[in-house]
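Engineer: just to be clear, the model below is a prediction. Sequence and coordinates:
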Amino acid sequence: SSQLSSLPLQILLYVNGVYYIFYFLATLAMIIYKSQVFSYPDDLLAPDLAVLFLMAILEVPRSYLGFKGNLTEAEAPLGLSLGLTVGSVVLCVYLLLWQTYVLWADVLLNALLLSAYGLESGLKVTAIAAFVS
């Protein structure tokens, strides 16, 4: 029997997990910074923080299912991880385009995360195709 797990996907899942920790802490620090420096409306601070924390909550099962699906060569967990990636992309786009204040650092962090999600999604689709055939 041949091994169908994707090493590039596994490496990217690991790197993306490490990057996400940095992303979360940097974005949280920037939201705190923006709330102190700019006239951040109080009713808009909570939704921006809620999106960031929802994204963090979504990241845990997304990464776990990606790791599990790839290592066990099972398409169901990998497919669920791909579905959760879509939700993470939507939340990332919110933080990129629609949060109250968007700094250049926000654009850079979100662009890197969206690029990683895109590459990861392509590798997941390829892995699922290999597992099914």
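Structural biologist: Noted; the coordinates are in hand.
Engineer: got the contact list for L12?
Structural biologist: A116, L119, E120, L123 (Cβ atoms under 8 Å, 6 or more residues apart in numbering). Any C-beta I mention is one placed from the backbone N, CA and C, and that applies to glycine too.
Engineer: so which of these are in strands?
Structural biologist: Applying DSSP state E to these, no entry is found in strands.
Engineer: show me those residues that map onto helices.
Structural biologist: Of the contacts of L12, the ones assigned to helices by DSSP state H are A116, L119, E120, L123.
Engineer: burial measure for the last one, as a count.
Structural biologist: It stands for L123. L123: 21 surrounding residues under other Cβ atoms under 10 Å.
Engineer: and the ones in helices among the contacts of L12 as CSV, adding pLDDT?
Structural biologist: Converted to CSV, these look like this (pLDDT from 0 to 100):
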residue, pLDDT
A116, 98
L119, 98
E120, 98
L123, 98
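Engineer: between these, which is closest to N110?
Structural biologist: Using Cβ to Cβ, A116 is the member of the ones in helices among the contacts of L12 that lies nearest N110, at 10.6 Å.
Engineer: distance to Y23 added to the ones in helices among the contacts of L12, as a markdown table?
Structural biologist: Output for the ones in helices among the contacts of L12, formatted as a markdown table (distance: Cβ to Cβ, whole Å):
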| residue | distance to Y23 |
| --- | --- |
| A116 | 9 |
| L119 | 15 |
| E120 | 14 |
| L123 | 19 |
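Engineer: contacting residues for Y23?
Structural biologist: Here Y23 is in contact with L109, L112, L113 (Cβ under 8 Å, 6+ apart).
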